[in-house]
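1. Let's see this in three dimensions:
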Amino acid sequence: MATPVPTLREGKISIRPIRLRDSRALERELIENRGWLRKWEATNPHGLLSFDVRASIRSLQANARAGLGLPFAIEYDGQFAGQLNVSSISYGSLSSATIGYWVSERFAGMGATPTAVALATDHCFFGVGLHRMEICIRPENEPSLRVVEKLGFRYEGLRRRYIHINGDWRDHFCFALTVDEMPVGVLRRWLDGKVNRADAAIPPTDRARAARPLLP
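-> Now for the predicted structure:
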(Lines give C-alpha, C1' and ligand atoms only; values in the text may rest on other atoms or scores of the structure.)
Protein backbone atom coordinates (compact mmCIF):
# COMPACT_ATOMS: atom_id res chain seq x y z
CA MET A 1 0.00 0.00 0.00
CA ALA A 2 1.39 3.38 -0.99
CA THR A 3 2.05 5.86 1.80
CA PRO A 4 1.98 9.58 0.87
CA VAL A 5 5.31 11.36 1.32
CA PRO A 6 4.56 14.52 3.34
CA THR A 7 6.33 17.84 3.71
CA LEU A 8 7.47 18.37 7.31
CA ARG A 9 9.20 21.40 8.80
CA GLU A 10 10.99 22.59 11.92
CA GLY A 11 12.43 26.10 11.76
CA LYS A 12 14.70 26.48 8.70
CA ILE A 13 14.85 22.74 8.10
CA SER A 14 12.30 20.77 6.13
CA ILE A 15 11.92 17.40 4.46
CA ARG A 16 9.67 17.00 1.44
CA PRO A 17 9.05 14.46 -1.35
CA ILE A 18 11.99 14.23 -3.72
CA ARG A 19 10.97 15.10 -7.30
CA LEU A 20 12.40 14.67 -10.78
CA ARG A 21 12.94 18.41 -10.97
CA ASP A 22 15.45 18.01 -8.12
CA SER A 23 17.74 16.14 -10.53
CA ARG A 24 19.99 19.07 -11.36
CA ALA A 25 20.41 20.22 -7.75
CA LEU A 26 20.96 16.64 -6.59
CA GLU A 27 23.58 15.93 -9.24
CA ARG A 28 25.39 19.18 -8.44
CA GLU A 29 25.53 18.37 -4.73
CA LEU A 30 26.72 14.81 -5.36
CA ILE A 31 29.52 16.01 -7.64
CA GLU A 32 30.61 18.92 -5.45
CA ASN A 33 30.56 16.73 -2.32
CA ARG A 34 32.21 13.68 -3.89
CA GLY A 35 35.09 13.59 -1.44
CA TRP A 36 32.77 14.21 1.50
CA LEU A 37 30.27 11.49 0.58
CA ARG A 38 32.10 8.80 -1.35
CA LYS A 39 33.44 6.84 1.61
CA TRP A 40 29.87 6.41 2.95
CA GLU A 41 28.11 5.57 -0.33
CA ALA A 42 26.54 2.18 -0.93
CA THR A 43 28.12 0.31 -3.85
CA ASN A 44 27.29 -2.76 -5.92
CA PRO A 45 29.50 -5.79 -5.15
CA HIS A 46 28.83 -7.10 -8.68
CA GLY A 47 29.70 -3.98 -10.62
CA LEU A 48 29.49 -0.20 -10.83
CA LEU A 49 26.32 1.60 -9.85
CA SER A 50 24.91 3.95 -12.46
CA PHE A 51 25.29 7.67 -11.75
CA ASP A 52 21.92 8.41 -13.37
CA VAL A 53 20.25 10.82 -10.97
CA ARG A 54 16.88 10.87 -12.72
CA ALA A 55 16.77 7.06 -12.79
CA SER A 56 17.64 7.00 -9.09
CA ILE A 57 14.77 9.37 -8.26
CA ARG A 58 12.34 7.33 -10.38
CA SER A 59 13.41 4.18 -8.55
CA LEU A 60 12.80 5.84 -5.17
CA GLN A 61 9.40 7.08 -6.32
CA ALA A 62 8.44 3.61 -7.58
CA ASN A 63 9.48 2.16 -4.24
CA ALA A 64 7.25 4.71 -2.52
CA ARG A 65 4.28 3.81 -4.75
CA ALA A 66 4.79 0.18 -3.76
CA GLY A 67 4.57 1.22 -0.10
CA LEU A 68 8.16 0.19 0.62
CA GLY A 69 9.82 3.57 1.13
CA LEU A 70 9.52 7.29 1.77
CA PRO A 71 12.06 9.32 -0.26
CA PHE A 72 12.70 12.83 1.04
CA ALA A 73 14.75 15.82 -0.02
CA ILE A 74 16.27 17.73 2.91
CA GLU A 75 16.14 21.52 2.63
CA TYR A 76 17.81 24.18 4.72
CA ASP A 77 16.24 27.64 4.42
CA GLY A 78 14.77 26.60 1.06
CA GLN A 79 18.04 25.24 -0.34
CA PHE A 80 18.51 21.62 -1.38
CA ALA A 81 20.77 20.21 1.35
CA GLY A 82 20.66 16.42 1.00
CA GLN A 83 18.50 13.32 1.05
CA LEU A 84 16.78 11.14 3.60
CA ASN A 85 15.29 7.81 2.61
CA VAL A 86 13.02 5.62 4.73
CA SER A 87 13.42 2.14 3.25
CA SER A 88 12.54 -1.52 3.84
CA ILE A 89 9.14 -0.57 5.24
CA SER A 90 7.35 -3.61 6.67
CA TYR A 91 3.83 -3.62 8.07
CA GLY A 92 1.85 -6.10 10.14
CA SER A 93 3.63 -7.94 12.93
CA LEU A 94 7.01 -6.33 12.15
CA SER A 95 5.96 -2.71 11.41
CA SER A 96 9.46 -1.36 10.97
CA ALA A 97 11.72 0.54 8.60
CA THR A 98 15.28 1.79 8.24
CA ILE A 99 16.58 5.32 7.69
CA GLY A 100 19.52 6.44 5.57
CA TYR A 101 20.60 10.02 4.91
CA TRP A 102 23.27 12.42 3.75
CA VAL A 103 23.75 16.19 3.73
CA SER A 104 26.15 18.41 1.81
CA GLU A 105 29.29 19.40 3.65
CA ARG A 106 28.34 23.08 3.76
CA PHE A 107 25.22 22.23 5.81
CA ALA A 108 27.04 19.97 8.28
CA GLY A 109 26.79 21.12 11.89
CA MET A 110 23.68 23.24 11.25
CA GLY A 111 21.17 20.79 12.73
CA ALA A 112 19.83 19.68 9.35
CA THR A 113 20.52 15.97 9.77
CA PRO A 114 19.21 15.34 13.30
CA THR A 115 16.15 17.48 12.62
CA ALA A 116 15.41 15.63 9.37
CA VAL A 117 15.86 12.24 11.05
CA ALA A 118 13.61 13.27 13.95
CA LEU A 119 10.89 14.58 11.61
CA ALA A 120 10.95 11.40 9.51
CA THR A 121 10.97 9.09 12.53
CA ASP A 122 8.04 10.88 14.16
CA HIS A 123 6.09 10.68 10.90
CA CYS A 124 6.76 6.95 10.62
CA PHE A 125 5.65 6.40 14.21
CA PHE A 126 2.62 8.67 14.40
CA GLY A 127 1.65 9.11 10.74
CA VAL A 128 2.40 5.74 9.16
CA GLY A 129 1.90 3.68 12.30
CA LEU A 130 5.22 1.85 12.37
CA HIS A 131 6.57 0.39 15.60
CA ARG A 132 10.37 0.37 15.13
CA MET A 133 12.89 2.52 13.26
CA GLU A 134 16.49 1.49 12.67
CA ILE A 135 19.66 3.31 11.62
CA CYS A 136 22.88 1.45 10.77
CA ILE A 137 26.16 3.40 10.70
CA ARG A 138 29.74 2.59 9.82
CA PRO A 139 32.02 2.69 12.89
CA GLU A 140 34.20 5.35 11.22
CA ASN A 141 31.30 7.70 10.49
CA GLU A 142 31.57 9.96 13.53
CA PRO A 143 29.17 12.66 12.23
CA SER A 144 26.38 10.08 11.86
CA LEU A 145 27.18 8.55 15.22
CA ARG A 146 26.69 12.00 16.75
CA VAL A 147 23.25 12.20 15.12
CA VAL A 148 21.94 9.05 16.82
CA GLU A 149 23.55 10.16 20.08
CA LYS A 150 21.79 13.54 19.92
CA LEU A 151 18.43 11.88 19.26
CA GLY A 152 18.86 9.06 21.76
CA PHE A 153 18.63 6.11 19.40
CA ARG A 154 19.38 2.99 21.39
CA TYR A 155 22.49 1.00 20.49
CA GLU A 156 21.62 -2.58 19.55
CA GLY A 157 24.83 -4.15 18.32
CA LEU A 158 27.54 -4.67 15.72
CA ARG A 159 26.70 -6.18 12.33
CA ARG A 160 29.80 -7.58 10.66
CA ARG A 161 30.34 -6.90 6.94
CA TYR A 162 26.73 -5.74 6.72
CA ILE A 163 26.49 -3.35 3.73
CA HIS A 164 28.68 -2.91 0.64
CA ILE A 165 30.07 0.62 0.99
CA ASN A 166 32.76 2.33 -1.10
CA GLY A 167 33.88 -0.92 -2.71
CA ASP A 168 33.81 -3.45 0.13
CA TRP A 169 31.59 -5.11 2.74
CA ARG A 170 31.64 -2.90 5.84
CA ASP A 171 30.80 -3.38 9.51
CA HIS A 172 27.95 -1.28 10.89
CA PHE A 173 26.73 -0.31 14.32
CA CYS A 174 22.95 -0.70 14.63
CA PHE A 175 20.69 1.72 16.53
CA ALA A 176 16.91 1.70 16.91
CA LEU A 177 13.89 3.26 18.59
CA THR A 178 10.37 1.95 19.12
CA VAL A 179 7.26 4.07 19.36
CA ASP A 180 6.72 2.83 22.93
CA GLU A 181 9.83 4.79 23.95
CA MET A 182 8.61 8.01 22.31
CA PRO A 183 5.37 9.25 23.88
CA VAL A 184 6.19 12.88 23.00
CA GLY A 185 8.08 12.15 19.77
CA VAL A 186 11.75 12.17 18.85
CA LEU A 187 11.87 15.82 17.82
CA ARG A 188 10.10 17.15 20.91
CA ARG A 189 12.26 15.08 23.27
CA TRP A 190 15.44 16.36 21.61
CA LEU A 191 14.34 20.01 21.53
CA ASP A 192 13.29 19.79 25.19
CA GLY A 193 16.75 18.50 26.15
CA LYS A 194 15.41 15.22 27.55
CA VAL A 195 17.51 12.80 25.51
CA ASN A 196 19.61 10.28 27.42
CA ARG A 197 22.69 10.22 25.19
CA ALA A 198 23.99 7.18 27.04
CA ASP A 199 21.38 5.12 25.17
CA ALA A 200 23.54 5.40 22.05
CA ALA A 201 26.77 4.44 23.85
CA ILE A 202 28.78 1.78 22.02
CA PRO A 203 30.52 -0.75 24.28
CA PRO A 204 34.33 -0.65 24.02
CA THR A 205 34.27 -4.36 23.15
CA ASP A 206 32.21 -3.68 20.01
CA ARG A 207 34.44 -0.78 19.01
CA ALA A 208 37.44 -3.06 19.37
CA ARG A 209 35.77 -5.82 17.33
CA ALA A 210 34.89 -3.38 14.57
CA ALA A 211 38.53 -2.25 14.41
CA ARG A 212 39.66 -5.81 13.68
CA PRO A 213 39.17 -7.52 10.30
CA LEU A 214 36.79 -10.43 10.20
CA LEU A 215 39.05 -13.39 9.49
CA PRO A 216 37.88 -16.31 7.33
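
2. tell me which element the residue nearest the centre of the chain falls in.
-> Nearest to the mean C-alpha position of the chain, by CA atoms, centre = their mean, lies G100 at 2.3 Å. Assigning secondary structure by DSSP states H and E places G100 in strand 96-103.

3. Give the other helices and strands that that strand contacts.
-> Counting contacts by 3 or more CB pairs under 8 Å, 6 or more residues apart in numbering; DSSP states H and E, strand 96-103 is packed against strand 70-76, strand 79-90, helix 112-123, strand 132-137. All C-beta atoms are positioned from the backbone trio N, CA, C, and that covers glycine.

4. And the contacts of that strand?
-> 37, 40, 70, 74, 81-90, 112-113, 116-117, 120-121, 124, 130-136 (CB atoms under 8 Å, 6 or more residues apart in numbering).

5. for that strand, which positions count as buried?
-> Residues of strand 96-103 classed as buried: 96-103 (neighbour count, 16 or more other CB atoms under 10 Å).

6. okay but G157 is in contact with A176, surely?
-> No. Using CB atoms under 8 Å, G157 makes no contact with A176, being 9.8 Å away.

7. quick one, which of those two is more surrounded?
-> A176 (18 against 12; other CB atoms under 10 Å).

8. just checking, that one is part of a helix?
-> No. A176 sits outside any helix when classified using DSSP: H, G, I helix; E, B strand; the rest coil, being strand.

9. neighbours around the nearest residue to it once chain neighbours are set aside, how many?
-> The spatially closest residue to A176, leaving aside those adjacent along the chain, is E134, at 4.6 Å (CB to CB, 6 or more residues apart in numbering). E134: 15 surrounding residues under other CB under 10 Å.

10. any weak-confidence spans in the chain?
-> Applying pLDDT under 70 to the chain flags the ranges 1, 40, 42-44, 46-51, 215-216.

11. how about the strands of it, start to end?
-> Ranges of strands within the chain are 8-10, 13-17, 70-76, 79-90, 96-103, 132-137, 154-165, 168-178, based on DSSP state E.

12. what residues does the first one touch?
-> Going back to what we said before, that points to strand 8-10. Strand 8-10 is contacted from outside by 14-16, 115, 118-120, 123, 187, using CB under 8 Å, 6+ apart.

13. Partner strands of that strand, with direction?
-> Strand pairing for strand 8-10, using DSSP bridges, gives strand 13-17 (antiparallel).

14. Tabulate the helices and strands packed on strand 96-103 (a markdown table), appending distance to T3.
-> Below are the helices and strands packed on strand 96-103 laid out as a markdown table (distance: least, CB to CB, whole Å):
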| stretch | distance to T3 |
| --- | --- |
| strand 70-76 | 6 |
| strand 79-90 | 7 |
| helix 112-123 | 9 |
| strand 132-137 | 14 |
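
15. Which of the ones you listed sits closest to R161?
-> Taking CB to CB, strand 132-137 is the member of those nearest to R161, at 12.2 Å.

16. Now A108. Nearest residue, chain neighbours left out?
-> P143 (6.5 Å).

17. quick one on the thing from earlier: okay if I get the buried residues of strand 96-103 as TSV plus distance to E29?
-> Listed next are these as TSV, based on distance: CB to CB, whole Å:
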residue	distance to E29
S96	29
A97	24
T98	22
I99	19
G100	16
Y101	13
W102	9
V103	9
